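Colleague: 3D, please:
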Amino acid sequence: MPRFRCYCLTADDRIVWALSVDAADLDAAIEAARRACQEHPKTPSTRVEIWQDAEKLYVSPQPKIPADACC
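Modeller: Down below sits the predicted model:
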């Protein structure tokens, strides 16, 4: 089973913490990472970045800011 390195990210792409995941494929690794980040008390979001060896495979999209949001 492939091993993936997963990073939980803040909204501004800072790494909060990391974990290794053994998963059948990239989709399973993404789901496992999101679940782990969501359950971790120091993670403010479920944004993740997934790597396998030296290759970045996936980064969660940035949250969309509503057009009517005001400063």
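Colleague: pLDDT at the residue found closest to residue 52 once you drop the neighbours it is linked to in the chain, what is it?
Modeller: Residue nearest to residue 52 in three dimensions, not counting chain neighbours: residue 4, with 5.4 Å by CB to CB, 6 or more residues apart in numbering. Placement of C-beta: from N, CA and C, glycine included. For residue 4, the model assigns a pLDDT of 98.
Colleague: so after the helix or strand residue 4 falls within, what's the next helix or strand?
Modeller: Using DSSP states H and E, residue 4 sits in strand 3-9. Going down the chain from strand 3-9, the next helix or strand is strand 15-22, by DSSP H and E.
Colleague: Quick check: residue 16 touching residue 10?
Modeller: Yes - if you go by CB atoms under 8 Å, residue 16 and residue 10 touch, sitting 6.0 Å apart.
Colleague: neighbour-wise, which of those two wins?
Modeller: Neighbours per residue (other CB atoms under 10 Å) separate residue 16 from residue 10, with residue 16 holding more: 15 against 12.
Colleague: Not counting its neighbours along the chain, what's nearest the more buried one?
Modeller: The nearest residue in space to residue 16 (CB to CB, 6+ apart) is residue 8, at 4.6 Å.
Colleague: Mind listing what's buried along the strand holding residue 4?
Modeller: Buried positions in strand 3-9, judged by neighbour count with 16 or more other CB atoms under 10 Å: 4-9.
Colleague: Make JSON lines out of those residues and add distance to residue 43.
Modeller: Below are the buried residues of strand 3-9 laid out as JSON lines (distance: CB to CB, whole Å):
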{"residue": "4", "distance to residue 43": "17"}
{"residue": "5", "distance to residue 43": "16"}
{"residue": "6", "distance to residue 43": "11"}
{"residue": "7", "distance to residue 43": "10"}
{"residue": "8", "distance to residue 43": "5"}
{"residue": "9", "distance to residue 43": "9"}
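Colleague: and the two most separated of the residues you listed?
Modeller: Distance extremes for these: the farthest pair is 4 and 9 at 14.9 Å, using CB to CB.
Colleague: Just the pLDDT at the closest residue to residue 34 other than its chain neighbours, thanks.
Modeller: If the residues on either side of it in the chain are set aside, residue 34 comes closest to residue 46, at 4.5 Å by CB to CB, 6+ apart. Note for residue 46: predicted pLDDT of 78.
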